Structure formats: structure tokens, C-alpha cells
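>>> Sequence plus the predicted model coming up.
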Amino acid sequence: MAKFKIVLDRDKCMGDGNCVDLAPETFGLDEDDRSFIVDATGNWPEYVLKAAKDCPADAITLYDAETGKQVWPEEGEKKA
């Protein structure tokens, strides 16, 4: 079972590609340079979490696959 349920807001995506660099088996970029989910279980969960944290547009939200609790961003967490 996947550790995370991944929600990707493609409208927020800037096409930076950090997610693809950090978790290439999970994320890809389409012809419009927008991220998409290739395989939610493609990379180790630690890589997926790092990709979400490094997204400059905060376009990736992660939920615990078992409990449904939001993991990233943490409640009240906002990027500077």
C-alpha cells in the first residue's frame, strides 16, 4: 500500500521540474511543462515527501494513505 495519497494542483504548477528531479518514478512533466503523477508508488515515500517540500509553487499536497491525515504541508505551514 502507498504511504501517501498525492494531490497535485496542476493550476499551481510552474513547471520547475523539482518533483521530477527528486522523484522521477512518481512525477513527470507533460508537453506544457506541467507536472503529472506517473505512479504514486514509484519512489520511496521519503523522495515523494522531499519533492512536495521542494515544490516552489506548493502544488503538491500529501495525505497519509491509511489515515487520510494531511502530511504536507503541515497544518499552518506556509512557504516564505
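Everything's here; your move.

>>> for the protein, what spans make up the strands?
4-8, 27-29, 35-37, 60-64, 70-72 (DSSP state E).

>>> Excluding sequence neighbours, find me the nearest residue to Y63.
K5 (4.3 Å; Cβ to Cβ, 6 or more residues apart in numbering). The C-beta positions use only the backbone N, C-alpha and C, and glycine is treated the same way.

>>> Name all residues that make contact with that neighbour.
Neighbour list for K5: A40, L62, Y63, D64, A65, G68 [criterion: Cβ atoms under 8 Å, 6 or more residues apart in numbering].

>>> Of the residues you listed, which count as buried by neighbour count?
Buried members of the contacts of K5, counted by 16 or more other Cβ atoms under 10 Å: A40, L62, Y63, A65.

>>> how deep is P24 tucked in, by neighbour count?
15 (other Cβ atoms under 10 Å).

>>> and if you look at R10?
Neighbours around R10, by other Cβ under 10 Å: 12.

>>> Then D30?
Count around D30 with other Cβ under 10 Å applied: 11.

>>> and the longest helix along the chain, what other elements does it pack with?
Determined from DSSP state H, the single longest helix within the chain is helix 45-53. Judged by 3 or more Cβ pairs under 8 Å, 6 or more residues apart in numbering; DSSP states H and E, the packing partners of helix 45-53 are strand 4-8, helix 18-22, strand 60-64, strand 70-72.
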